[in-house]
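Asks: No sequence on hand, only this structure:
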């Protein structure tokens with residue numbers, strides 16, 4: 001469909017026509033729209049970072065296709081019930097009426113509607129019904145967060161069966177990568193130079209590009225460690241410090257101990273986050289905060305802690321039902337301080353005033369992390385920043401440090417990231433059980449008992465760089481970072497962080513905290529080399545350059561011998577350098 005968009009506008013739909021010609025699209029949306037209009041393919045995959053405006057872009061395409069007469073119905077598939085309503089309201093603003101209450105049992109909707117909004121689960125329960133609907137009317141199918149098509153074989157098979165007859169399919173995602181190898185329907189896969197099948201997008205707009213365009217906010221990640229003690233199933237009591245070197249099993253148990261609301265880690269971090277929110281609200285009066293919890297029990301406990309801290313009622317969202325949608329909408333349109341949610345607000349939900357977040361969940365997948373952080377990055381005006389509080393867990397800190405890295409869904413490999421994901425299977429299983437009740441938690445808790453925890457401030461991660469030294473919670477040094485102004489341009493954030501770092505380092509007798517149980521030199525160096533190789537692979541994918549060329553350019557920029565002979569300091573310098581390259585800084 002390469003015809004000019006303007007020629008499709010029809011006076012039969014004055015609201016749509018006016019919007020189609022007058023609305024100002026962002027530069028990336030206009031570029032992606034042009035790419036779509038020039039494409040002759042039935043399928044189109046647009047990958048755009050959370051907060052960039054995928055809904056507006058998709059509805060513009062829907063308007064164009066309705067105006068041209070190529071389609072006469074729109075079907076939107078979304079992950080949750082709340083997002084169905086969100087899509088229908090957004091569509092109504094541009095003159096497209098979608099029925100978010102369409103029921104599989106009645107199987108009809110009013111002729112006043114231009115189409116329906118469904119969930120993936122709804123399609124999976126009656127794919128035959130939705131196939132008949134798609135065959136009956138020329139339809140554009142919008143698959144929001146298409147990676148859910150790989151969540152299970154039944155969901156993938158269902159959307160393939162239901163929507164193969166569609167005239168057009170537009171797939172959208174902000175996070176196309178997954179830790180499995182289930183093919184996603186209607187996504188094209190291409191073989192790369194290494195013989196790996198990877199998903200291929202038709203248009204990509206990543207976080208780094210959106211940040212340069214001021215479409216999204218820059219993110220400050222504030223990491224907190226601390227001393228943890230827990231009892232294993234065998235009755236052994238183990239103590240460790242979150243953020244220090246330990247085995248993966250120990251990290252998992254220390255992480256869960258930190259998130260236990262009966263300890264001191266959670267109240268300390270929530271208090272720090274509330275202080276940060278107070279500072280942000282000095283400049284952004286309606287700024288809100290969101291805590292993402294692992295399950296219903298902890299969510300309620302976190303809400304009680306927040307209410308005791310700020311003296312204000314906390315909105316709690318526990319499940320994907322009509323009541324939760326109303327609570328989210330009320331919070332979004334109001335100016336109250338805090339919302340606590342289990343999973344419902346981690347993906348797609350649009351609450352633009354969210355500026356401060358606490359990642360208080362034991363879910364470790366890069367997809368979930370990216371979607372969760374995506375709730376805080378939607379920009380409303382220049383200078384707004386996002387602040388996300390994290391546990392000092394290696395896999396989470398790695399996700400935070402590589403937010404700008406674009407990942408594709410790979411089908412035929414067992415990568416380091418996938419191997420690591422399988423090691424965290426117990427933790428990732430909490431996604432499926434996120435909304436369980438207390439009555440269903442007994443078996444898991446039998447094998448583990450959190451005993452006590454405390455918290456300390458570790459560092460701030462911004463623009464792939466670390467700032468700050470170990471500091472006690474409530475200290476002036478911690479407050480230096482919690483008290484950053486709520487409205488700052490990215491370069492101002494960086495300048496202030498460097499200034500505070502220098503101030504903290506200049507304190508007489510101040511020393512960097514050293515690990516109580518340091519890794520042997522060869523293991524530490526091996527871990528650094530592994531990290532560098534992963535970053536080089538990602539950068540090579542992004543630029544199309546061979547891995548060897550990236551390594552060679554790093555050696556030229558940083559000096560030193562080839563990787564096998566490089567020292568720890570030399571490898572560290574290369575890691576810092578390639579991270580700068582991801583954000584366009586040479």
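Replies: Received it, and whenever you're ready, just let me know what you need. Predicted model, so just to flag it, every value in this text is computed and none were measured. Residues are numbered from 1 along each chain as shown.
Asks: Which strand residues bridge the residue nearest to residue 189 when sequence neighbours are not counted?
Replies: In space, and not counting its chain neighbours, residue 189 is closest to residue 197: 4.4 Å by Cβ to Cβ, 6 or more residues apart in numbering. The way it works is simple: take the backbone N, C-alpha and C, and place the C-beta from them, glycine included. Beta bridges link residue 197 to residue 191 when assigned by DSSP bridges.
Asks: Walk me through the domains of the protein.
Replies: 5-212, 219-255+287-466, 521-582 (automatic domain parsing).
Asks: Go through these and name the closest to residue 485.
Replies: With distances scored as Cβ to Cβ, the stretch of the domains of the chain nearest to residue 485 is domain 219-255+287-466 (8.8 Å).
Asks: Centre of the chain to that closest one, how far?
Replies: Centroid separation for domain 219-255+287-466 versus its chain: 11 Å, with Cα atoms, centre = their mean, to the nearest Å.
Asks: before we move on, what about stretch 255-272?
Replies: Counting by Cα atoms, centre = their mean, stretch 255-272 is centred 22 Å from the centre of its parent chain.
Asks: Would you mind pulling the contact partners of that stretch?
Replies: Residues from elsewhere that reach stretch 255-272, judged by Cβ atoms under 8 Å, 6 or more residues apart in numbering: 222, 224, 226, 228-230, 242, 291, 294, 298, 301-302, 305-306, 309, 358, 360-362, 389, 391, 393, 427, 448, 450-455, 457, 473-474, 478, 482.
Asks: swap in stretch 480-494?
Replies: Stretch 480-494 is contacted from outside by 211, 218, 220, 222, 272, 275-276, 279-284, 287, 355, 382-385, 457, 460, 462-463, 465, 467-468, 496-497, 500, 503-504, using Cβ under 8 Å, 6+ apart.
Asks: rewinding a little: sitting in helices, which of the contacts of stretch 255-272 do you find?
Replies: Using DSSP state H, the subset of the contacts of stretch 255-272 located in helices is 298, 301, 302, 305, 306, 309, 427, 478, 482.
Asks: Just give me the closest of those to residue 329.
Replies: Using Cβ to Cβ, residue 306 comes nearest to residue 329 of the ones in helices among the contacts of stretch 255-272, at 20.2 Å.
Asks: For that closest one, list the residues it contacts.
Replies: Shown in contact with residue 306 (Cβ under 8 Å, 6+ apart): 270, 274, 291, 314, 337, 338, 340.
Asks: Let me know the next secondary structure element after the longest helix seen in the chain.
Replies: Determined from DSSP H, the single longest helix within the chain is helix 521-543. The helix or strand immediately downstream of helix 521-543 is helix 547-558, counting by DSSP states H and E.
Asks: which secondary structure elements does that following helix contact?
Replies: Where contact means 3 or more Cβ pairs under 8 Å, 6 or more residues apart in numbering; DSSP states H and E, helix 547-558 is packed against helix 521-543, helix 568-582.
Asks: and the angle for it with helix 568-582?
Replies: 110 degrees (axes from the mean of the first three to the mean of the last three Cα atoms, to 10 degrees).
Asks: what is the rounded mean pLDDT of helix 547-558?
Replies: Average pLDDT, helix 547-558: 86.
Asks: Buried residues in it, which are they?
Replies: Using 16 or more other Cβ atoms under 10 Å as the test for burial, helix 547-558 gives 550, 551, 553, 554, 555, 558.
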